[in-house]
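[1] Fold the stuff below for me.
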Amino acid sequence: MGDTTQLRIAMLGELAASYDGEPLDLGGPRQRAVLALLLLARGDVVPAERLADSLWGDQPPTGTASTLQSYVSHLRRRLQPGVPARERSAVIVSEGRGYAVRLPTAAVDAWRFEELVHAADATDDPHRACALLREALDLWRGPALADYAYEPWAEAEAARLTELRTVARERLLAARLDLGEATLLVPELEAMVLEEPLREERWRLLVLALYRAHRQADALKALRRARTTLVDELGVDPGPALRALESDVLAQSPSLEVPRQRTSVRAATVGATGSVVDLAERDAELAAVHTALDDLEHGAPGLLLVEGPAGIGKSRLLAETRRRAVGRSLQVLNARGNQLEQAFRFGVVRQLYEPVLTASERRDELLGGAAAGARVVFDVRHDDAAADSFTVLHGLYRLTLELAVSGPVLVAVDDLQWSDRESLHFLAYLVRRLDAVPVLVAATLRPGEQGEHDDLLTELLVEPAAVVVRPGPLSEEATAGIVQERLGPAAPLFTAACHRMTSGNPLLLRQLLRGLEADGVRPDAAHADRVVAVGSRAVSGMVLLRLRRLPPVATTVARAAAVLGDGATLHSVAAMAGVSPEETAAALTALARAEVVKDELPVTFVHPLVREAVYRDLSAAERQLQHGRAAEVLAAAGATTEQVEAHLLHTGRADVLSELK
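    Sure, this is the predicted structure:
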């Protein structure tokens, strides 16, 4: 029998086949449809009458049986080029009055996809589940049976595979949550909820990710959004899973935390699993982490700050610091600042210490003696006035020293710039009093977002003992490597487009690659122009989420600036938005802090993809009207004819264009 191990057939996209890596010509649409119909039967015999009915319906040609035989004969020859005719029946066999495909599971991408998903469902190891599900989802090149998606005989199977793909995406995120990646997954889950807001599993995963990222207020808000959406759209309340999750969040149930046995698996295996992509070109930063942890193990304190814009990889470096600390059996206290929770006094401090105090049988001992002054912070009935005293700061300091008696301690705070003032005050107090105490404070922060607490953040940044690392954007070479890691061999023109559109920002690059994967875009030169369109859509959910958190006037100003384009003046944006220059300036400050625009004039977006996302959030009709308004504003401001004409071209107002000429 002919060797079929070199044959590969793809159904997850357009129907295609290759033999020993070389593409095969499967013939015309009906001949290809015969192969598709046999593949859908998964080895079962398909009667010739059913094949004919699917291919021709009520109008079969004369000699239907001989035509089908001809199709099968051609397919046998084309599916195994170079194999003698007497052996070609190894792929398509004749049985009775019909035909069947006989192939190993690995030869057909749809069959392999299902096998991998079921294997992931059967394992209790989240790391293995992630690997299996990633491999499964990487098989997709586009919609299942894209060239036959609307044929009656293909619709049901295409819909089933698409639903299974959706489930696999959700299970992958669930497995990654169990590996402790909650902070990184929130933007992706927000985007997935926007894609299909009626899928309760996505809401459940989003709420769980927010809770595990120490964003309890946001988790409860997401639950309220889910309830409102389901009631408005379907007239039903959330199902049992969401209702149970809401009860657990309100009760701060320990069952919501990352399973301990699974975190240990991550700590032991992440170095061998390929987190290389997330840490590309971070050798210098990782060396600083390694040195700081070495010093900590030898009893020396430290302050490690990772500073940079959104998406540059600060949180990933902090996560790697925590992972390495766990691998060295060091104690890790973890917290994250939140814009919405800055008003809650000692919120970050409570995130750091409450898990230890809750789990410890020594709570009273830890909060006794010189540390007794800290007790008021963890008492829900505490007096705000009492919490302002030096006694509280010293009590928290003594609590930290008590924990360090058991071994070195890593205090890790993500998004330090959004910490509440009282927690920042304590951290500044702590780092100046550590001396020979084995405590390392590691934190991430964004430049330009200090706001009302910039004095305390500046104290930390200028602390003599501080080691400040500032990760830079990825080089074009590193971007090309990551693109090829995710999408396969890529043309230089394609990888250059990816680098140009993301400016080497790792988060934007990840979002772009997910979008390209989902659309089945091939990384060749012919598809380089798709990078802009897909990239804009891929990051739009993240950008629009940032805008929703700002006052409405900020969205109005952002849209006006997006229509005008980079380089617009403050007064032009104000005139476009219909608000005063003072209100526009305040809105631009808020947009700069949210990293939508740069903190500079003339107005410039932080990235072309961000501007494109804001611009595409306007409907086509709104864009046309806005461009007309932009032309009027620029003409009134004395702009050049070319600048005005550029906007009029989007309005179709040929009469005005002719006058300008």
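[2] can you list the domain ranges for this structure.
    1-172, 179-266, 295-469, 476-542 (automatic domain parsing).
[3] got the end-to-end distance for the third one?
    Read it as domain 295-469. Using C-alpha to C-alpha, to the nearest Å, the end-to-end distance of domain 295-469 comes to 17 Å.
[4] same check, this time on the last one
    End-to-end distance for domain 476-542: 24 Å, by C-alpha to C-alpha.
[5] next one: phi and psi at the residue lying closest to R611 once chain neighbours are set aside?
    What sits nearest to R611 in space, not counting adjacent residues and going by C-beta to C-beta, 6 or more residues apart in numbering, is F605, at 3.8 Å. Placement of C-beta: from N, CA and C, glycine included. In this entry, F605 is assigned phi and psi values of phi -70, psi 150 (degrees, to the nearest 10).
[6] Compute the number of surrounding residues for F605.
    Counted with other C-beta atoms under 10 Å, the neighbours of F605 add up to 23.
[7] Go ahead and confirm it touches E595.
    No - with contact taken as C-beta atoms under 8 Å, F605 and E595 are classed as non-touching, separated by 9.8 Å.
[8] The residue nearest to the spatial centre of the chain is in what secondary structure piece?
    With distances taken as C-alpha atoms, centre = their mean, the residue of the chain nearest its centroid is E188 (3.5 Å). When elements are defined using DSSP states H and E, E188 is found to belong to helix 182-195.
[9] Give me the contact list for that helix.
    169-170, 173, 176-177, 199, 202-203, 205-206, 208-213, 215, 258, 315-316, 319, 336, 414, 507, 511, 514, 541-542, 544-545 (C-beta atoms under 8 Å, 6 or more residues apart in numbering).
[10] C-terminal to it, what's the next element?
    helix 200-212.
[11] the inter-axis angle of that next one versus helix 182-195?
    Comparing the axes of helix 200-212 and helix 182-195 via axes from the mean of the first three to the mean of the last three C-alpha atoms, to 10 degrees yields an angle of 150 degrees.
[12] So which elements touch helix 200-212?
    The criterion is 3 or more C-beta pairs under 8 Å, 6 or more residues apart in numbering; DSSP states H and E, and the helices and strands that helix 200-212 contacts are helix 152-178, helix 182-195, helix 216-234, helix 240-250.
[13] I'd like the mean pLDDT over it, please.
    Helix 200-212 shows a mean pLDDT of 92 in the predicted model.
[14] ok now it, how far from the chain's centre?
    The chain centre lies 14 Å from the centre of helix 200-212; the measure is C-alpha atoms, centre = their mean, to the nearest Å.
[15] What angle do helix 240-250 and it make with each other?
    Angular relation of helix 200-212 and helix 240-250 on a 0 to 180 degree scale: 10 degrees, by the same axes, to 10 degrees.
[16] And the residue nearest to the centre of the chain, how close does it get to G82?
    When distances are taken as C-beta to C-beta, to the nearest Å, E188 and G82 turn out to be 45 Å apart.
[17] Follow the chain on from the lowest-mean-pLDDT helix or strand in the chain and name the next helix or strand.
    Within the chain, no helix or strand scores below helix 260-273, which has a mean of 35 by mean pLDDT, DSSP states H and E. Sequence order places helix 283-297 as the next helix or strand after helix 260-273, per DSSP H and E.
[18] Can you name the element that comes right after that following helix?
    Following the chain from helix 283-297 toward its C-terminal end, the next helix or strand by DSSP H and E is strand 302-307.
[19] by contact count, what packs against that next one?
    Under the contact definition 3+ C-beta pairs under 8 Å, 6+ apart, strand 302-307 sits against helix 283-297, helix 314-327, strand 439-445, helix 454-461, strand 466-469.
[20] what's the most buried one of the ones you listed?
    By mean neighbour count, with neighbours taken as mean count of other C-beta atoms under 10 Å, strand 439-445 ranks first of these at a mean of 26.
[21] Now that strand: average pLDDT?
    Model confidence over strand 439-445, given as mean pLDDT, is 93.
[22] what pairs with it, and is each one parallel or antiparallel?
    For strand 439-445, the paired strands and their directions (DSSP bridges) read strand 302-307 (parallel), strand 409-414 (parallel).
[23] Quick one: residues in contact with it.
    Among residues not part of strand 439-445, those counted as contacts by C-beta under 8 Å, 6+ apart are 289, 292-293, 295-296, 301-308, 314-315, 317-318, 321, 400, 404, 408-417, 427, 430-431, 457, 460.
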